[in-house]
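quick one, what's the 3D model for this:
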Amino acid sequence: MKAYVFPGQGAQFTGMGEDLYDTIPVAKELFEKANEILGFRISDIMFEGSADDLKQTKVTQPAVFLHSVILAQALGDKFKPEGVAGHSLGEFSALVASGALSFEDGLVLVSKRAMAMQKACEQNPSTMAAILRLDDAIIEEVCASINGIVVPANYNCTGQLVISGTNEAIDEACKILLEKGAKRAIKLQVGGAFHSPLMEPARKELEEAIAATKFNTPQCPIYQDVDAKPYTDPEKIKANLILQLTSPVRWSQIVKNMVADGYNQFVEVGPGTVLQGLITKTVADVEAKSVEL
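Below you'll find the predicted structure:
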């Protein structure tokens, strides 16, 4: 069985999507529509902007979303997923690609999500750290023992779990986790504590927007980050999406669940190859590759 998977924030690069714009009429049309909806030419920043330009809050998340969704659209009849999943932001791309959300509604939600997260980051200075080569259970235990906000945020693959929280709690957790045998504890260059309770103001803001948006039944199940299970019911999909900002991304669990359900081919749709690496580090004997037009 074939699954299409969609990357999250951090996969962006200068020049992303330019080949699609130049060669595929539907891609050009969608990029221009996005420029109109957002009120600025995001396509110009994607094609020609610097790395710093692409890191702007109003640009990063919509840019990755656009590249992924337009790439899926460019596949046309070749896009026939039996299941989809997306890492964090990528869940919105997966929902649009599978028909649960319109292109326009998906882009508006992603733009609102980016701005709401930025505001939450400014209210609560915070950060994230990647913990390498330590059992998830030990990391969970240490996070729970610390007097402060620090939680597991991204279960990326076997041997890599990202934690999220206040600066002080992250520092303390990293120190203890290294003592417990973690190979490395790497603080990430991010704006704040994504997928943690510190994103609650953003979750509330996004909840209103999601509740007001029409969701359809997707063409195939979507495995959602919040509990790694497959869904097709629009109301359940909405409820899970609202919880996503303050809940961990259970990516390694999604991959394991999909393999248990019979998926053995994973096609990454969007910039970069990050998800392919995470998949092959988590499960054996599956094919993971980039999308081919």
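
so which residues of this protein form helices?
Secondary structure of the chain, counting by DSSP state H: helices at 18-23, 25-38, 42-48, 51-54, 57-75, 90-97, 103-123, 136-145, 167-179, 200-211, 234-243, 251-260, 274-282.

if you count contacts, what does the longest one end up packed against?
Put plainly, it is helix 103-123. In terms of contacts (3 or more Cβ pairs under 8 Å, 6 or more residues apart in numbering; DSSP states H and E), helix 103-123 is packed against helix 25-38, helix 57-75, helix 90-97, helix 200-211. Where you see a C-beta, it was placed from the backbone N, CA and C, and this is true even at glycine.

need the contact partners of the third one.
In other words, helix 90-97. Residues outside helix 90-97 that contact it (Cβ atoms under 8 Å, 6 or more residues apart in numbering) are 4-8, 64-65, 68-69, 72-73, 79, 81, 84-86, 101-103, 106, 109-110, 113, 215, 218, 222, 224-225, 237, 241, 244, 269-270, 275.

can you tell me the closest non-neighbouring residue to the residue most central in space within the chain?
Nearest to the mean C-alpha position of the chain, by Cα atoms, centre = their mean, lies Ser88 at 2.4 Å. Counting by Cβ to Cβ, 6 or more residues apart in numbering, Gly8 is the residue found nearest to Ser88 once chain neighbours are left out, at 3.8 Å.

do the same with Leu241
What sits nearest to Leu241 in space, not counting adjacent residues and going by Cβ to Cβ, 6+ apart, is Ile210, at 5.7 Å.

output the contacting helices and strands for the helix-or-strand element of the chain with minimal mean pLDDT.
Scoring the helices and strands of the chain by mean pLDDT, DSSP states H and E places helix 51-54 at the bottom, with a mean of 92. Applying 3+ Cβ pairs under 8 Å, 6+ apart, one finds that helix 51-54 contacts helix 42-48, helix 57-75.

buried deepest among these, which one?
For the helices and strands packed on helix 51-54, average neighbour numbers computed from mean count of other Cβ atoms under 10 Å are highest in helix 57-75, which has a mean of 24.

quick one: that helix to helix 103-123, angle?
150 degrees (axes from the mean of the first three to the mean of the last three Cα atoms, to 10 degrees).

now do the residue sitting furthest away from the middle of the chain, the pLDDT please.
Most distant from the centre of the chain: Glu179, at 30.4 Å, with distances by Cα atoms, centre = their mean. Looking at Glu179, its pLDDT stands at 98.

any idea how far it is from Val142?
9 Å (Cβ to Cβ, to the nearest Å).

so which of the helices of the chain is the most surrounded?
helix 90-97 (a mean of 28).

next, the angle from that one to helix 103-123.
170 degrees.

now helix 90-97, how far from the centre of its chain.
9 Å (Cα atoms, centre = their mean, to the nearest Å).

what of stretch 197-207?
Its chain's C-alpha centre and that of stretch 197-207 lie 16 Å apart, by Cα atoms, centre = their mean.

skipping its backbone neighbours, what lies nearest Ala72 in space?
Sequence neighbours aside, Ala97 is the residue nearest to Ala72 in space, at 3.9 Å (criterion: Cβ to Cβ, 6+ apart).

how about Gln224?
Counting by Cβ to Cβ, 6+ apart, the residue nearest Gln224 is Asn240, at 4.4 Å.

same thing with Glu268?
Closest to Glu268 by Cβ to Cβ, 6+ apart is Leu275, at 4.8 Å.

residues touching the nearest residue to Asn154 once chain neighbours are set aside, list them.
Once flanking residues are discounted, Asn154 sits nearest to Val162: 3.9 Å by Cβ to Cβ, 6+ apart. By Cβ under 8 Å, 6+ apart, Val162 lies in contact with Met128, Ala129, Ala130, Ile131, Pro152, Ala153, Asn154, Asn156, Leu188.

what do you get for Tyr21?
Counting by Cβ under 8 Å, 6+ apart, Tyr21 has contacts Ala27, Lys28, Phe31, Ser43, Phe47.

tell me who's in contact with the third one.
Phe31 makes contacts with Gly17, Leu20, Tyr21, Ile42, Ser43, Leu66, Ile70, as judged by Cβ under 8 Å, 6+ apart.

and it, how far is that from Met46?
Counting by Cβ to Cβ - Phe31 and Met46 are separated by 8 Å.

what is in contact with these two at once?
Jointly contacting Phe31 and Met46 under the rule Cβ under 8 Å, 6+ apart are Gly17, Leu66.
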